[in-house]
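K.L.:
heads up, no residue letters with this:
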Ligand SMILES: NC(=O)c1ccc[n+]([C@@H]2O[C@H](COP(=O)([O-])OP(=O)(O)OC[C@H]3O[C@@H](n4cnc5c(N)ncnc54)[C@H](O)[C@@H]3O)[C@@H](O)[C@H]2O)c1
Ligand SMILES: CC(C)CCC[C@@H](C)[C@H]1CC[C@H]2[C@@H]3[C@H](O)C=C4C[C@@H](O)CC[C@]4(C)[C@H]3CC[C@]12C
């Protein structure tokens with residue numbers, strides 16, 4: 001399948017129309033006031049999609065995937081706080097791409113962007129487990145922003161909403177309980193102490209509870225939530241940080257977490273594909289998919305966080321030193337606590353937000369692997385990119401980052 005994607009990339013190059021930094025008003029879009037249904041034959045080739053957070057790591061891949069894999073697309077609205085320069089270079093073919101610089105916490109900005117859209121893929125959010133943003137800000141963006149998106153869908157008759165949730169809605173929990181090859185129904189004590197997983201859990205609940213609400217025009221809203229595990233691939237900032245750190249340390253990284261701790265990771269292209277497919281299938285299978293959650297998975301191997309990163313950093317010349325952790329566990333816990341203390345002390349002066357803190361350490365030390373076929377059974381999801389292809393693409397990107 002990776003080959004197929006390669007061919008698609010080499011296809012014709014027609015520049016799409018781009019309206020940079022444009023706020024869209026309902027009037028401009030000729031909104032009729034009736035519920036936007038994909039079943040309407042007059043609109044079959046005329047779908048308007050909105051991707052919030054469309055300029056982020058995952059958002060960029062979703063935008064590209066929609067352009068390649070949604071033949072009914074007429075207009076693609078990319079809504080983000082910060083618009084990226086790559087939007088200008090998109091190969092959009094006949095699709096109108098509308099870039100909207102906006103903030104999900106501002107209800108009126110969200111409303112203007114949603115008006116007239118048939119499908120919303122909502123992934124704008126603050127992904128912060130390092131203490132860069134306050135818990136209030138994380139809540140405002142991730143929870144209240146999601147509430148604004150739902151209310152805008154209801155108000156304007158948008159019927160289909162796909163929300164990017166996270167595995168962290170489930171865990172790892174603060175007690176470090178392993179989640180081993182779990183699925184959507186596996187019992188697990190979900191305890192959220194950190195603002196980010198708390199916000200994702202609350203937002204996910206809002207989205208699922210909104211399923212079935214009557215939207216303008218009288219039809220029901222159909223929602224589902226996708227829960228990716230840790231995403232990797234082209235554009236993954238943390239991978240880049242580890243690579244740079246490795247280069248600084250003389251092309252070495254030091255093992256700090258036991259190799260026996262397993263993490264399930266998922267390739268960004270497959271996460272994007274699952275979003276596009278879920279959005280497409282929500283209408284045909286609304287009874288089955290509405291109000292459901294799906295883990296995002298593919299065929300990437302289960303490994304410790306560090307060993308998995310080495311799949312990409314190894315071929316780029318970085319080696320992982322130690323078959324066991326080079327630092328005793330108690331010392332790592334102490335360092336993580338020290339980092340948290342320093343962050344708090346320095347906050348009035350500067351932002352100190354290292355990768356290691358008590359929360360990230362707990363995550364790295366806890367096995368969390370997903371094994372499920374729910375998305376395959378409910379809407380025919382199969383990964384588009386094999387593990388070999390995902391690995392090849394990620395290595396090529398890591399190599400290019402320092403090139
Ligand atoms: N990266 C992962 O491993 C991972 C795993 C599971 C779930 N997720 C979820 O996927 C989504 C995308 O994550 P990502 O890794 O691409 O993160 P990202 O930070 O690269 O992308 C998020 C985007 O949202 C935008 N944004 C932030 N605040 C906004 C606001 N107030 N208004 C409008 N836009 C705003 C940002 O500018 C950014 O472009 C998030 O909802 C995240 O919770 C990510
Ligand atoms: C011991 C340290 C030096 C290693 C630190 C690794 C740490 C930065 C990693 C470990 C696990 C990572 C998280 C995991 O992959 C899943 C997610 C879910 C997603 O919603 C957001 C990103 C996140 C939290 C990863 C962030 C980086 C983590 C904590």
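P.N.:
Perfect, thanks for sending it. Worth saying up front: this structure is predicted, and the values here are computed from it rather than measured. Numbering: from 1, shown residues only. Ligands and ions are numbered 1, 2, ... in the order given.
K.L.:
from now on I want contacts and neighbour counts done on CA atoms only, so please keep to that.
P.N.:
Will do.
K.L.:
the chain: helices as residue ranges?
P.N.:
Shown for the chain, the helices assigned by DSSP state H span residues 2-9, 57-69, 107-114, 135-139, 145-156, 195-210, 237-248, 268-284, 286-289, 305-313, 329-346, 358-365, 374-379, 387-402.
K.L.:
now the angle from the fifth one to helix 195-210?
P.N.:
It stands for helix 145-156. Angle, helix 145-156 to helix 195-210, by axes from the mean of the first three to the mean of the last three CA atoms, to 10 degrees: 20 degrees.
K.L.:
does helix 145-156 reach ligand 1?
P.N.:
No: using CA under 6 Å from any ligand atom, we find that helix 145-156 stays clear of ligand 1, coming within 7.0 Å at best.
K.L.:
so which elements touch that helix?
P.N.:
Judged by 3 or more CA pairs under 8 Å, 6 or more residues apart in numbering; DSSP states H and E, the packing partners of helix 145-156 are helix 107-114, helix 195-210.
K.L.:
mind listing what's buried in the last one?
P.N.:
The one in question is helix 195-210. Within helix 195-210, the residues that qualify as buried by neighbour count (16 or more other CA atoms under 10 Å) are 195-208, 210.
K.L.:
before we move on, what about stretch 158-165?
P.N.:
Neighbour-count burial for stretch 158-165 [16+ other CA under 10 Å]: 158, 159, 160, 161, 162, 163, 164, 165.
K.L.:
about what we covered before: want to throw the helices and strands packed on helix 145-156 into TSV with distance to residue 69 and mean pLDDT?
P.N.:
Compiled in TSV, the helices and strands packed on helix 145-156 are given as follows (distance: least, CA to CA, whole Å; pLDDT from 0 to 100):
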stretch	distance to residue 69	mean pLDDT
helix 107-114	21	98
helix 195-210	25	97
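K.L.:
same list (those helices) but as TSV, adding distance to ligand 2.
P.N.:
As requested, these are arranged in TSV below (distance: least, CA to the nearest ligand atom, whole Å):
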stretch	distance to ligand 2
helix 107-114	23
helix 195-210	8
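K.L.:
save those helices as CSV, and put in distance to residue 124 too.
P.N.:
Below are these laid out as CSV (distance: least, CA to CA, whole Å):
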stretch, distance to residue 124
helix 107-114, 11
helix 195-210, 11
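K.L.:
ligand 1: which of the ones you listed is closest?
P.N.:
Closest to ligand 1 of the helices and strands packed on helix 145-156 is helix 195-210 (CA to the nearest ligand atom; 6.7 Å).
K.L.:
show me which residues of the stretch 1-150 of the chain sit near ligand 2.
P.N.:
127, 129.
K.L.:
do a quick rundown of the strands in the stretch 1-150 of the chain.
P.N.:
With DSSP state E, counting those that start in this stretch as the criterion, the stretch 1-150 of the chain has strands at 17-19, 47-52, 73-80, 96-101, 119-122.
K.L.:
in the last one, what counts as buried?
P.N.:
Meaning strand 119-122. 119, 120, 121, 122.
K.L.:
touching, the first one and residue 161? I think so.
P.N.:
Yes: look at residue 119 against residue 161 with CA atoms under 8 Å: they come within range, at 5.9 Å.
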